[in-house]
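**Student:** After the sequence you'll find the predicted model.
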Amino acid sequence: MIRRAEEKDVPQMLRMLGQVLEIHAAIRPDIFISGTTKYTERDLIERFGDDAAPVYVATDENDTAVGYLICMIREQPFSTTMQPGKSLFIDDFCVDEAVRGRHIGEQLFRFACDEARRLGCRDVTLNVWEGNNAARGFYEKMGMRPKETQMEFTLQRN
């Protein structure tokens, strides 16, 4: 089942946020701090009632969160050169590593697409870090394609 997140889901969500962070910290230790999470308990609880930034969880038969989607509804244009429209941006997405391979991620992604349609969005977007090949492969399998690429030039300190 997929539903809006509730306060009882926070411990499982924090654990999964930690799993995501460790993947990112292994890829980019120059950016990510191992042992942290992107959101705190308070951050999550504050978002749970926000319809402009909905949070959803996939649950098992015991109503325990085993995956999540942290979303934002973004209104475009970001500039006067862009067509107006709404986008469902997936800010964070995880399936607990203990239950991966059971198609929960696919169900969450399809749910996000259905919600985006229901909300009148024209697309679903997200960011994926270079080097996170498993996530990128999953998103491509779901039919996602690159929209734009953020480039960097790392300046070395002397």
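**Tutor:** Good, I have the coordinates.

**Student:** all contacts plus neighbour counts: C-alpha atoms, from now on.
**Tutor:** Fine.

**Student:** Next SSE downstream of the helix ranked longest in the chain?
**Tutor:** What stands out as the longest helix in the chain, according to DSSP state H, is helix 10-27. Later in the chain than helix 10-27, the nearest helix or strand by DSSP states H and E is helix 41-47.

**Student:** Quick one: mean pLDDT over whatever helix or strand comes next after that next one.
**Tutor:** The helix or strand immediately downstream of helix 41-47 is strand 55-59, counting by DSSP H and E. On average, the pLDDT along strand 55-59 is 98.

**Student:** The following helix or strand past strand 55-59 to helix 10-27, inter-axis angle?
**Tutor:** Downstream of strand 55-59, the first helix or strand assigned by DSSP H and E is strand 65-76. With axes from the mean of the first three to the mean of the last three Cα atoms, to 10 degrees defining the directions, strand 65-76 sits at 70 degrees from helix 10-27.

**Student:** strands paired with strand 65-76, and their directions?
**Tutor:** strand 55-59 (antiparallel), strand 85-95 (antiparallel) (DSSP bridges).

**Student:** what about this structure, any weak spots by pLDDT?
**Tutor:** 157-158 (pLDDT under 70).

**Student:** one step back: the longest helix of the chain: which residues count as buried?
**Tutor:** Neighbour counts over helix 10-27 (16 or more other Cα atoms under 10 Å) mark 10, 12-14, 16-25 as buried.

**Student:** So the residue positioned nearest the centre of the chain versus Thr59, what's the distance?
**Tutor:** Nearest to the mean C-alpha position of the chain, by Cα atoms, centre = their mean, lies Asp92 at 2.0 Å. Noted for Asp92: a distance of 17 Å to Thr59, by Cα to Cα, to the nearest Å.

**Student:** Over to Arg47?
**Tutor:** Taking Cα to Cα, one finds Arg47 at 19 Å from Thr59.

**Student:** again, but for Tyr139
**Tutor:** 21 Å.

**Student:** Same question for Ala65.
**Tutor:** Counting by Cα to Cα - Ala65 and Thr59 are separated by 4 Å.

**Student:** Then Thr80?
**Tutor:** 41 Å.
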